[in-house]
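Peer 1: Predicted model follows, preceded by the sequence.
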Amino acid sequence: MRFVVQRTKHASVTVEGEVIGAIEKGFMVLIGVTHDDTVQIADKMISKLLGLRIFEDAEGKTNLDLNSVNGNLLLVPQFTLYADCRKGNRPSFTDAARPPLATDLYEYVVKECRRLLGESRVQTGSFGADMKVSLLNDGPFTVLLDSKEIVPKVHPKDK
């Protein structure tokens, strides 16, 4: 699972000319899902996301997390985060999870974030839609969270 986290002053998602999700200060998060992702991986990614201390405190240091600044989330599904560009110039998306798994895990992330932050603080994009995303990146500050770096590998003999 991959999250591209952008600290924003404001962000929105538009589908067919209609704004379907918009936030003020917070994180706009592009979410990519691959074949072997699970709810357990999603839980660890959510924990890391919500714990990120990338908002400035009174001294100007990045010490504050999303809750500390009463920030919001805009969660946007983005299968292209698993683009493979190693061969040729046209990306392959074979590493992206198929829609049933990707949709289920994206919706799980949304549900858990709403449970943890409150319904009104979490907005979304639309899975499979042609979305137009607009944001004012604050900093700019962008962080890539990749489950391969965050979630420890479990070897078969350790199960």
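Peer 2: Perfect, I can see it now.

Peer 1: Regarding the chain, what is its longest strand?
Peer 2: Longest strand in the chain, counting residues (DSSP state E): strand 131-146.

Peer 1: And for the helix or strand just after that one, what's in contact with it?
Peer 2: Per DSSP states H and E, the first helix or strand lying C-terminal to strand 131-146 is helix 147-150. Outside of helix 147-150, the residues within contact range by Cβ atoms under 8 Å, 6 or more residues apart in numbering are 1, 2, 37, 41, 44, 45, 48. (Glycine included, C-beta is placed from N, CA and C.)

Peer 1: looking at these, which has the most residues close by?
Peer 2: The residue in the contacts of helix 147-150 with the most neighbours, by other Cβ atoms under 10 Å, is residue 1 (27 neighbours).

Peer 1: centroid residue for the protein?
Peer 2: In the chain, the residue lying closest to the centroid (Cα atoms, centre = their mean) is residue 29, at 3.4 Å.

Peer 1: Show the pLDDT at it.
Peer 2: Reported pLDDT at residue 29 in the predicted model: 98.

Peer 1: so where's the protein shaky on pLDDT?
Peer 2: Within the chain, the segments meeting pLDDT under 70 span 153-159.
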